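Colleague: output the structure for:
(2 chains)
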2 protein chains.
Amino acid sequence: MEQFSVAFFEENFKTYAEQNEDVFSKQQAMNSYYVSMVSTIINDNINKNSELVKRIRNLNAAYQNCRS
Amino acid sequence: MEQFSVAFFEENFKTYAEQNEDVFSKQQAMNSYYVSMVSTIINDNINKNSELVKRIRNLNAAYQNCRS
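Modeller: Reported below is the predicted structural model:
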């Protein structure tokens, strides 16, 4: 699966929510994963801004897809 | 205060956490605000990618500053 793709983030949202279901609600776990991923993405100084924005848009799309 | 500056986001994090302290922990409220702001920023098709990345970096800096 391509890193930073929508499917990649969807899988990670699901895994992270499952791993933390004893401690956090699905919503809380997803928000926490979202924040840490954005933080990681924007600290990548190697990639171009267009690539950073694309990755964050994919993360956000996956978030919307997994929320329901 | 300049919109999308670090100080602007710091103020909003504080306000949002205070307004929701009956329902959410500070951490939860901040994560929720963070997610909704990133979503808003990246859906702005008027601005250049460099400006979008700058805004998200400011949001993230404010988040780190307000977390403690």
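Colleague: quick one: the closest residue to A:Ala62 other than its chain neighbours and B:Gln28, what's the gap?
Modeller: With sequence-adjacent residues excluded and distances taken as Cβ to Cβ, 6 or more residues apart in numbering or on different chains, A:Ala62 is closest to A:Phe9, at 3.5 Å. The C-beta positions use only the backbone N, C-alpha and C, and glycine is treated the same way. A:Phe9 is 21 Å from B:Gln28, where distance means Cβ to Cβ, to the nearest Å.
Colleague: A:Val6 too?
Modeller: Relative to B:Gln28, and taking Cβ to Cβ, A:Val6 is found at 25 Å.
Colleague: ditto for A:Gln19
Modeller: 18 Å.
Colleague: so between these two, which is more surrounded?
Modeller: B:Gln28 (18 against 12; other Cβ atoms under 10 Å in any protein chain shown).
Colleague: tell me what whatever helix or strand that one lives in is packed against?
Modeller: Applying DSSP states H and E as the criterion places B:Gln28 in helix B:26-42. Judged by 3 or more Cβ pairs under 8 Å, 6 or more residues apart in numbering or on different chains; DSSP states H and E, helix B:26-42 is in contact with helix A:26-42, helix A:49-67, helix B:6-19, helix B:49-67.
Colleague: show the pLDDT at A:Met1.
Modeller: pLDDT for A:Met1: 86.
Colleague: now A:Lys14
Modeller: So A:Lys14 comes in at 97 (pLDDT).
Colleague: neighbours around it, how many?
Modeller: A:Lys14 - counted by other Cβ under 10 Å - has 15 other residues nearby.
Colleague: ditto for the one 4 residues further on
Modeller: Other residues lying near A:Glu18 total 10 when counted by other Cβ under 10 Å.
Colleague: from A:Lys26, how far off is it?
Modeller: On the measure of Cβ to Cβ, A:Glu18 and A:Lys26 end up 9 Å apart.
Colleague: so A:Leu52 sits against B:Ser50, correct?
Modeller: No. The criterion here is Cβ atoms under 8 Å, and A:Leu52 misses it with B:Ser50 at 9.8 Å.
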